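Chemist: This is the structure alone, sequence omitted:
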């Protein structure tokens, strides 16, 4: 069952946005997720999910959904990735949202813990094709209008469901202890392997 739904518009920077625990905003937290997103479209770290978008010249639609268990699949999703993410504070934020409340952070109703996180992307191919077509005849007013029409068309769902009330993450043992959010979430259980079975 859907517990909470948080829709917003996001303006990606360098074709990327992140959903993260507000207490996990150190470089040690964000950099692994960003590197992962560059290489595999979605990247993960202790309390951070980074998503690579098709465009950054138009906003994308984002829905953060909290469920009480695994939700049904969206058959139209062109991008699908899944992994565990720790939210030590029981809150999430979106770094490139157009709304202040998403920048400050919002409560996850189940509270702190480890969540399974599924990222779904829709309309990516359509937006890519429309962007290429808009500039096929060069830049100008017509191209600008075509790009403006793409505002919010590229869509992402970040689906979260709590799997443990204890935030956990097996940090890279080479990282100095006490640095970053992962140092606060270490446990004997390592993070699950990402699900890479989905389409691009």
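Modeler: That came in fine, so what should we check first? From a predicted model like this one, the values you see are computed outputs, not experimental measurements. Numbers count the residues shown, from 1 in each chain.
Chemist: rest of the way, CA atoms for contacts and neighbours
Modeler: Will do.
Chemist: ok, and for stretch 11-31, which residues are buried?
Modeler: Applying a neighbour-count criterion of 16 or more other CA atoms under 10 Å, one finds 11-13, 16-24, 28-31 buried in stretch 11-31.
Chemist: Among those, which are located in helices?
Modeler: Among those, the residues falling in helices (DSSP state H) are 28, 29, 30, 31.
Chemist: so which of these comes closest to residue 63?
Modeler: Each of these was scored against residue 63 by CA to CA, and residue 30 proved nearest at 20.7 Å.
Chemist: who's in contact with that closest one?
Modeler: With contact taken as CA atoms under 8 Å, 6 or more residues apart in numbering, residue 30 is in contact with 24, 45, 48.
Chemist: Quick check: closest non-adjacent residue to the first one.
Modeler: What that stands for is residue 24. Leaving out its chain neighbours, the residue that sits closest to residue 24 by CA to CA, 6 or more residues apart in numbering is residue 181, at 5.1 Å.
Chemist: Mind jotting down where the helices sit in this protein?
Modeler: Using DSSP H, helices in the chain cover 27-40, 100-104, 124-134, 141-148.
Chemist: now those in TSV, with mean pLDDT and distance to residue 69?
Modeler: Formatted as TSV, the entries for the helices of the chain read as follows, by pLDDT from 0 to 100; distance: least, CA to CA, whole Å:
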stretch	mean pLDDT	distance to residue 69
helix 27-40	95	24
helix 100-104	96	23
helix 124-134	93	27
helix 141-148	89	37
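Chemist: okay, those in a markdown table with distance to residue 54 next?
Modeler: Conversion of those to a markdown table gives the following (distance: least, CA to CA, whole Å):
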| stretch | distance to residue 54 |
| --- | --- |
| helix 27-40 | 12 |
| helix 100-104 | 22 |
| helix 124-134 | 6 |
| helix 141-148 | 13 |
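Chemist: Buried deepest among these, which one?
Modeler: Mean neighbour counts were taken over these using mean count of other CA atoms under 10 Å, and the top value, a mean of 18, falls to helix 27-40.
Chemist: From the chain's centroid, how far away is that helix?
Modeler: For helix 27-40, the distance from its own C-alpha centre to the chain's C-alpha centre is 11 Å (CA atoms, centre = their mean, to the nearest Å).
Chemist: Over to stretch 142-152?
Modeler: Centroid separation between stretch 142-152 and its chain, computed with CA atoms, centre = their mean, is 24 Å.
Chemist: Look up the pLDDT of the closest residue to residue 105 other than its chain neighbours for me, please.
Modeler: Computed as CA to CA, 6+ apart, the closest residue to residue 105 that is not its neighbour in sequence is residue 93, at 4.3 Å. For residue 93, the model assigns a pLDDT of 98.
Chemist: go on, residue 151?
Modeler: 95.
Chemist: any idea how far residue 43 is from it?
Modeler: Per CA to CA, to the nearest Å, residue 151 is found 24 Å from residue 43.
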